[in-house]
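Q: quick check, what structure comes out for this input:
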Amino acid sequence: MRLPFLLTLPRVLRHSAAIGADLPPDEAVSVDAPDPALRAALASAADGDHGPARELLAGTREHRQWELRDGYAARLAGAALHNPGWLDAWQAEHPEDPDAALVRADLGIHQAWEMRSTENTGQVSRDRFRAFFALLEDAAPVIGRAAELNPADPVPWRIALTHALGSQAPREVFDGYWAQALARDPHHYGCHTAALTYLCAKWHGSHTEMFDFAERAADTAPPGSKLHALPLFAALEYVVRSPGAPPGPDPYAPRVTAAVTRALDLSEAYGPGNQEAAGFRNCLALMLLRTERWDEALDAFRSIGTHATEFPWAYFGDDPRQEFLETRSGTRIQLASLTPFFGRPPQPRTAPAPAPGAPCAVAIAVARPAEVAQAALMCGVSLRTAPATDRHTYVEAVAGARPAKRSILSTEDPLTTAADNFTTGEKWPTLVLRRTPERCGLTLFLKGRPLAAHEWNATSPAPDHAAVTATAEALARAFALPDPRPLTHILRSTGNPPRHQSDLLAALALPPLPPGFGDRPDVLDTLPGARVLTRRGLLAGMRSTMTTQDGEHPASPDAYEPRRPRWWLLRVLSLLLFTAASVHGWAAPDITPSLATAYTLAALFTAAGLRRAWRQRRAHTAAAATADRE
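A: The predicted structure follows:
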């Protein structure tokens, strides 16, 4: 372990809970979450119904909402990538529908890039490249057809610009597509981002040409337009995606700084948590981190709220959401490590995004409540338990309870962190179930190990069959089921995550989810037999473990227990003895400082115990008097 880490660890432990405490919890964050209308269209498409998608795109065409139309078409094309049946049916019923043609054109680009993969050029095989160019060639007439069916629409020309990028079209072809896009909408955001990608150095342009294009578009954009963030995308491309800068002064450093400043000004024009601004705010947070502007980066995360985006976090791993969460957590830790131990953490300069609906999480343990409570005495999280059946227990984290210091640095939800702890050494499995407006998920714990995890998302394609089979087999082993195949079918289902989650519990012969799960965070407080296990410190947890009888729910550490007169007498005499020994130890020259210090600490510890017991006695007496008066 390095010395700098040891020196900053006390600061991190002291300040981490306060810095970024107003950020939404990890489990509330979604990547490219669709708005309600698009979510309904995607869910219906997953079930084979193209009606909502048709109505959605028809509305954007009639009202000439080109930016919204572009985003909807791209998401619907992504949904059709692995499930095109609903799109085939749509075009069969309405062959001249410009909206279906638009989705089909974008789908052709998605299919080509799916074949090529996101690997660097040198890592893509020759066969993949051959198939990639063949698919792009097939897509060209489809894009042209979409443009013919709706001549005023700039979105087909955004698709055409992306096609020119992949097909390595010469500059005159690109210029022709760009002229057509400008003629339809001179400030279309999607067309500008596609053109910027074509002009960057790793494709068909240069750093200078890319920055010139971005700055020119931003200078002529209307106030509040997202085109003011175009230089930020150029800066991100230059800093993150380009090879190392040549030796000597960086010629583009002033342009990078100006781009970040312009994006900060643009961010202030949007409200906290604005979904439309999420795209450039995620990039802004990354660029602020690259320049070590930690407090401004945390403010950017506050403005983002729950709206993470695939770009730019997909640059750093296969799971953009996890990359976003780890980067956000790392920013908090970095700021905590830079704050003096007795200093005040930096105050937010940006209002946090409005709090979303609280994510819900509940665990089902194959054990009685007393067994769960015994196992959870030192998990560092306050829990509520309630009997589900005579051999199953519901468990949830108490909302708003402050976690122990040892739980602060965890990036998972409190219940998952607690389950990881209280299942250690136990033979009974525990299933943690989570639900947000976007996703439903589960994690299986056994003997302190997460053995399997799964997530249903109405807007994502069916998961990989091999991964789902492995999860189903792990669940079958844990819950003693002879055949995992019904579980595999449920895990691969899409379209209605809450229903699939409930179906899985029935297949595992587990009790159903408690009433209200998904609507509010505390769902166990109204169940019969619900009890709270208040978090304990390490020493208090060890003491409760050794003194509580098996089969009993441990009492709350804050519960009042009347002290006998003998207890008071012994503590008072001990305090007098330790105090006298401490005074003598510091005054007598023949007693070592270490022994005098031990006497002093013993006196302080005894005094603190007496003071705590006296305050509890007074509070209990006052509460009893109030109850008598009522």
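
Q: okay, strands next: where are they in the stretch 251-400 of the chain?
A: For the stretch 251-400 of the chain, applying DSSP state E, counting those that start in this stretch gives strands covering 307-308, 360-365, 383-387, 393-397.

Q: pLDDT below threshold where in the stretch 1-150 of the chain?
A: 1-7, 117-124 (pLDDT under 70).

Q: cool, the stretch 451-600 of the chain as well?
A: 458-462, 495, 535-561.

Q: where exactly do the strands run in it?
A: For the stretch 451-600 of the chain, strands defined by DSSP E, counting those that start in this stretch occupy the ranges 531-533.

Q: quick one: mean pLDDT over stretch 274-292.
A: On average, the pLDDT along stretch 274-292 is 93.

Q: buried set for that stretch?
A: 274-289 (16 or more other Cβ atoms under 10 Å). Using the backbone N, CA and C atoms, a C-beta is placed for each residue, glycine as well.

Q: hmm, who's touching it?
A: 33, 35, 226, 229, 232-233, 235-236, 239-240, 256-257, 259-260, 263-264, 266-267, 270, 294, 296-297, 300-301, 303-304, 307-309, 311-313, 324, 327-328, 331 (Cβ atoms under 8 Å, 6 or more residues apart in numbering).

Q: confidence score at the spatially closest residue to G205 that is not a sequence neighbour?
A: Spatial nearest neighbour of G205, excluding adjacent residues (Cβ to Cβ, 6 or more residues apart in numbering): L199 at 3.5 Å. Per-residue pLDDT puts L199 at 94.

Q: now swap in T411 and tell me
A: At T411, the model reports a pLDDT of 52.

Q: and for R349?
A: 78.

Q: just give me the neighbour total for the residue lying closest to it once chain neighbours are set aside.
A: For R349, ignoring the flanking residues on the chain, the nearest one in space by Cβ to Cβ, 6+ apart is D299 at 5.4 Å. By other Cβ atoms under 10 Å, 23 other residues sit near D299.

Q: R435 now?
A: That count, for R435 with other Cβ under 10 Å as the rule, works out to 22.

Q: packing partners for the helix or strand that E215 is a member of?
A: Assigning secondary structure by DSSP states H and E places E215 in helix 207-219. Helix 207-219 sits against helix 189-199, helix 230-236, helix 253-268, with contacts defined as 3 or more Cβ pairs under 8 Å, 6 or more residues apart in numbering; DSSP states H and E.

Q: closest to D106 out of those helices?
A: Among the helices and strands packed on helix 207-219, the nearest to D106 by Cβ to Cβ is helix 189-199 (10.7 Å).

Q: please save the CA atoms from the closest one in PDB.
A: Extracted in PDB, the C-alpha atoms of helix 189-199 (Å, rounded to 0.1, in the frame of the first residue of the first chain):
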ATOM      1  CA  TYR A 189     -27.700  18.700 -34.200                       C
ATOM      2  CA  GLY A 190     -27.500  15.200 -35.500                       C
ATOM      3  CA  CYS A 191     -26.300  16.200 -38.900                       C
ATOM      4  CA  HIS A 192     -23.500  18.300 -37.400                       C
ATOM      5  CA  THR A 193     -22.300  15.600 -35.100                       C
ATOM      6  CA  ALA A 194     -22.200  13.100 -38.000                       C
ATOM      7  CA  ALA A 195     -20.200  15.600 -40.100                       C
ATOM      8  CA  LEU A 196     -17.800  16.300 -37.200                       C
ATOM      9  CA  THR A 197     -17.000  12.600 -37.000                       C
ATOM     10  CA  TYR A 198     -16.300  12.500 -40.700                       C
ATOM     11  CA  LEU A 199     -13.900  15.500 -40.400                       C
END
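
Q: report the inter-axis angle for it versus helix 207-219.
A: Computed by axes from the mean of the first three to the mean of the last three Cα atoms, to 10 degrees, the angle separating helix 189-199 from helix 207-219 equals 160 degrees.

Q: report the distance from helix 189-199 to the chain centre.
A: Distance of helix 189-199 from the chain centroid (Cα atoms, centre = their mean, to the nearest Å) equals 28 Å.

Q: what helices or strands is that helix leaning on?
A: Checked by 3+ Cβ pairs under 8 Å, 6+ apart, helix 189-199 has helix 66-80, helix 155-166, helix 171-184, helix 207-219, helix 230-236 packed alongside it.

Q: ok, and the closest non-adjacent residue to P450?
A: Closest residue in space to P450, ignoring its immediate chain neighbours: T443 at 5.4 Å, by Cβ to Cβ, 6+ apart.

Q: please enumerate the helices of the stretch 1-150 of the chain.
A: Counting by DSSP state H, counting those that start in this stretch, the segments of the stretch 1-150 of the chain that form helices are 3-15, 36-46, 51-62, 66-80, 85-93, 98-116, 126-149.

Q: what do you get for the stretch 251-400 of the chain?
A: Going by DSSP H, counting those that start in this stretch, the stretch 251-400 of the chain shows helices at 253-268, 278-290, 294-304, 310-313, 320-338, 369-375.

Q: of these, which is nearest A467?
A: Of all these, it is helix 320-338 that lies closest to A467, at 15.9 Å by Cβ to Cβ.

Q: report the buried residues of that closest one.
A: Buried-residue list, helix 320-338, by 16+ other Cβ under 10 Å: 320-329, 331-338.

Q: cool, stretch 514-532 as well?
A: Across stretch 514-532, burial judged by 16+ other Cβ under 10 Å covers 514, 517-518, 521-524, 527, 530-532.

Q: redo the helices of the stretch 1-150 of the chain as CSV? Include mean neighbour count and distance to G190.
A: CSV is the format used below for the helices of the stretch 1-150 of the chain (neighbours: other Cβ atoms under 10 Å; distance: least, Cβ to Cβ, whole Å):
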stretch, mean neighbour count, distance to G190
helix 3-15, 14, 42
helix 36-46, 19, 16
helix 51-62, 18, 13
helix 66-80, 23, 4
helix 85-93, 16, 20
helix 98-116, 23, 11
helix 126-149, 16, 14
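
Q: now the ones you listed in TSV, with distance to A581?
A: Output for the helices of the stretch 1-150 of the chain, formatted as TSV (distance: least, Cβ to Cβ, whole Å):
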stretch	distance to A581
helix 3-15	31
helix 36-46	70
helix 51-62	80
helix 66-80	74
helix 85-93	83
helix 98-116	77
helix 126-149	80
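
Q: which one of those lies closest to D250?
A: D250 lies closest, by Cβ to Cβ, to one member of the helices of the stretch 1-150 of the chain: helix 3-15, at 27.5 Å.

Q: contacting residues around stretch 584-596?
A: Residues from elsewhere that reach stretch 584-596 (Cβ under 8 Å, 6+ apart): 582, 599-600.

Q: what about the residues you listed, which are in helices?
A: 582, 599-600 (DSSP state H).

Q: could you list the low-pLDDT ranges of the stretch 151-300 of the chain?
A: Across the stretch 151-300 of the chain, the ranges flagged by pLDDT under 70 are 242-248.
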